Structure formats: structure tokens, C-alpha cells
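> coords below, sequence missing:
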């Protein structure tokens, strides 16, 4: 059975609330963006996620990802949270953004650098590392 336009919107709003609640229970600050249904999740002073929540049966990840990427505020990372009925929530984001997210956590960066990448004395972690130094990963420094 197909939902009406009002039913689809209601399902979408419930999905947006579910996603917000998950982040709030995790201790994050969530701010709704007026009129858009999108949300910003403030993880810390350096990391903000722009969440595009989709509660639909037919997955259109590329379309949703492009939508999130086109609407993301400067300095935030775009993320699509999606869930069809009777499934758990999942996320999708650009791989470069995912790597930047991992690198934003100092314990992961420290572990990465302990594997054999050493920086010359006086340089910061990531200054000479070929994994940490690409320009697109400088967002979270």
C-alpha cells in the first residue's frame, strides 16, 4: 500500500525525529534547520555534521547524497541517514569526509601515526604524512 503525500511527509518527519533523538541520546547537540527538515549535529568545536534524514522504502543514495552535499553549510560534513521499514538506521557520506572524520579523533590519528609514520621534529602530526596532508582533509584541523 502506498502512502499519500501527507503520509509520506509524516513518515519523513518521524524519521527526522528518530535520527535527532539518536544523536541527542549520544550526548550531541542537534539543531533543526528551519523549513528544510535537515539537522546540524554539533559534535565538538571543530566538527559539525549536516544530516539529511531519509525514511523511504526505495533507496536513492546518490540523489540523497548530492542533495546533502549541495546544502551542507561551510565547515560541516554532509551525511545521509536512511532507513527503510523494519531496518536499522544507516549512514552514507563521501569517503574523503569519512577519513577526515576519523582523523579528527586524536586517538585514531595517534594510532595511525604509531604504525610507522614519524613526523620530523617540530612539525605537527599530519604535516608530512601522505594520508593526513591532502588539502581536502585540512577541514578539521
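That came through, no problem. This structure is a prediction, so every number in the text was calculated from the model and none was measured.
> and the helix or strand hosting residue 21, what's buried?
In the assignment (DSSP states H and E), residue 21 maps to helix 5-25. For helix 5-25, burial by neighbour count (16 or more other Cβ atoms under 10 Å) applies to 12, 15-16, 19-20, 23. Backbone N, C-alpha and C define where each C-beta goes, glycine included.
> same check on stretch 67-83?
Buried, per 16+ other Cβ under 10 Å, within stretch 67-83: 67-69, 72, 76-83.
> quick one: mean pLDDT over that stretch.
In this model, stretch 67-83 carries a mean pLDDT of 91.
> quick one: end-to-end distance for it.
17 Å (Cα to Cα, to the nearest Å).
> cool, stretch 66-76 as well?
15 Å.
> swap in stretch 23-40?
10 Å.
> what do you get for stretch 75-91?
19 Å.
> now what about it, what contacts it?
When contacts are defined by Cβ atoms under 8 Å, 6 or more residues apart in numbering, stretch 75-91 is touched by residues 15, 18-19, 22, 40, 47-59, 61, 64-65, 68-69, 71-72, 92-94, 97, 100-101, 139.
> packing partners of the helix holding residue 21?
Helices and strands in packing contact with helix 5-25 are listed as strand 29-32, strand 39-44, strand 47-54; criterion 3 or more Cβ pairs under 8 Å, 6 or more residues apart in numbering; DSSP states H and E.
> need the ones you listed in CSV (columns: distance to residue 87).
What follows is the helices and strands packed on helix 5-25, written out as CSV (distance: least, Cβ to Cβ, whole Å):
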stretch, distance to residue 87
strand 29-32, 22
strand 39-44, 20
strand 47-54, 12
